[in-house]
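**Student:** Kindly return the folded structure for what I paste below:
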Amino acid sequence: MDLLTATIQPYDWGSTTALAELMGLPPTGEPQAELWLGAHPAAPSRIDRGHGPLALDELLAANPTAELGPVLTRRFGPRLPFLLKMLAVDAPLSLQVHPDPAQATAGHARENALGIPLDAPHRTYRDDQHKPEMIVALTPFQALCGFRPPRRAADLLDHLDAPGLGPYAEALRTQPEDTALRQVFTAFLTPPTGLLTAVTDAVRRASAAGGPYRADLAAYTAITHAHPDDPGLLPALMLNHADLEPGQALFLGAGMPHAYLSGLGVEIMASSDNVLRCGLTPKHVDAAELLKTVRFTAPPARALTARRDAATGEHLYPAPVDDFRLSRFDLVRTHAPHTLTAGAPQILLCVRGEATVSCEERTVSLTPGRAVYAPAGDTLRLSGEAMVFRATTALRTRPREAGPAR
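**Tutor:** You can find the predicted model right below:
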């Protein structure tokens, strides 16, 4: 078991205070957007086993079977398949989608063959992995996720009453779902002259007037101020607006357009950096590749809640992938310690209170923002009065225990 030294990413959409306040540190005055906990080569966490700081990705590559276990190594190679983060969102992120495994593999190979450097601004596939992800709200959290049903999207466009939106609302009402969403989304990526200005004015005007779309329009108005003159506002209007309460989650699979708008949360994802952007960003937008990746369906938008195991006290957030498994422990000091055993590596992150983690003869105190890494096969004992997230993989390795010690 090792304490992790994490990297904080200073992206401009990050809060200047939220992470600092949670961790009990003075603000730096600069945005602090993401706390990365894992072995992604772009910003690996570091550990120290008595010989100085060592990047976690280098440690895993040097001895993958001992750290990851044989089953995980065969399935994912010598790498940690998940990345755990804390996000502090103070302004809307880019509207984006992620590829499925086949698209990621093919796209990465294609761009390699073209000789596009991995760090080139116009590079789309920086690795050959998919990037499903899940966000769990720690505070009220706003996001855009997945398409509204076409008729509901048409109702919103009619409500805005902006010049030029009528034909798009008509297409959404009269075409089959896939055709309607594809046709309007594609058109909105490169809107005709004057439409963006008209819609921006209409959004601000309708938001000030209140009415049935009050919460949605407040979010879209924030987008117009954070990203003025960005055509990404138009496809954003086609997406569901989600207001998560603390403890609720969203799972975002391949091809689902989404954007985080505000709030503090814990995020877990497959360890990848593949992002196809739709807008709300000055970064590269590859419209042709994007349209191959987006899934033009409108499944019901549902916030997820954790399933509590009454026997173990573990709250599990379900996800249909084996790259990661995310759960939460709400620790009570008077209760017996929880015993956590997994045939895969695990990371424990404290977000509230103070927790104690023990492994063999070592004991570590975790306060908000601190985390430990344990290799495959280690048994941890977790106690205290705290909220702690546990990240590991859902790949079946051997029976997993997570229960009070006897």
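
**Student:** which residue packs closest to G164, ignoring adjacent ones?
**Tutor:** Nearest non-adjacent residue to G164, counting by Cβ to Cβ, 6 or more residues apart in numbering: L195, 4.8 Å away. Every C-beta, even on glycine, is put in place using the N, C-alpha and C of the backbone.

**Student:** show me what contacts A198?
**Tutor:** 162-165 (Cβ atoms under 8 Å, 6 or more residues apart in numbering).

**Student:** go with 6 Å
**Tutor:** 162-164 (Cβ atoms under 6 Å, 6 or more residues apart in numbering).

**Student:** G313 too?
**Tutor:** Taking Cβ under 6 Å, 6+ apart as the definition, G313 has no contacts.

**Student:** again with the one 4 residues further on
**Tutor:** For Y317, the residues meeting the contact criterion (Cβ under 6 Å, 6+ apart) are 249, 306, 326.

**Student:** And for the helix or strand hosting the last one, what's in contact with it?
**Tutor:** Under the criterion DSSP states H and E, the helix or strand holding L326 is strand 325-330. Counting contacts by Cβ under 6 Å, 6+ apart, the residues outside strand 325-330 that touch it are 268, 306, 314-317, 387-394.

**Student:** I'd like the contacts of A198 as a markdown table, with pLDDT appended.
**Tutor:** A markdown table is the format used below for the contacts of A198 (pLDDT from 0 to 100):
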| residue | pLDDT |
| --- | --- |
| A162 | 97 |
| P163 | 95 |
| G164 | 96 |
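
**Student:** sorry, back to before: please save the CA atoms from the strand holding L326 in CSV.
**Tutor:** Written as CSV, here are the backbone C-alpha positions of strand 325-330 (Å, rounded to 0.1, in the frame of the first residue of the first chain):
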residue,chain,number,x,y,z
ARG,A,325,-15.4,-0.5,-10.9
LEU,A,326,-16.3,2.4,-8.6
SER,A,327,-17.8,2.2,-5.1
ARG,A,328,-18.3,4.4,-2.0
PHE,A,329,-18.0,3.7,1.7
ASP,A,330,-19.7,6.0,4.2
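
**Student:** Which neighbours in the sheet does the helix or strand following that strand have, and how are they oriented?
**Tutor:** Reading on from strand 325-330 to the C-terminus, the next helix or strand found by DSSP H and E is strand 338-341. Under the criterion DSSP bridges, strand 338-341 sits next to strand 379-392 (antiparallel), strand 401-404 (antiparallel) in its sheet.

**Student:** Using PDB, write down the CA coordinates of stretch 262-272.
**Tutor:** This file holds the C-alpha atoms of stretch 262-272, laid out as PDB (Å, rounded to 0.1, in the frame of the first residue of the first chain):
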ATOM      1  CA  SER A 262     -20.500  23.100 -13.000                       C
ATOM      2  CA  GLY A 263     -19.900  21.300  -9.700                       C
ATOM      3  CA  LEU A 264     -17.400  19.100  -7.800                       C
ATOM      4  CA  GLY A 265     -17.300  15.400  -8.500                       C
ATOM      5  CA  VAL A 266     -15.400  12.100  -8.500                       C
ATOM      6  CA  GLU A 267     -14.800  10.700 -12.000                       C
ATOM      7  CA  ILE A 268     -13.600   7.400 -13.100                       C
ATOM      8  CA  MET A 269     -12.800   6.400 -16.700                       C
ATOM      9  CA  ALA A 270     -10.900   3.900 -18.800                       C
ATOM     10  CA  SER A 271      -7.300   5.200 -19.000                       C
ATOM     11  CA  SER A 272      -7.400   7.000 -22.300                       C
END
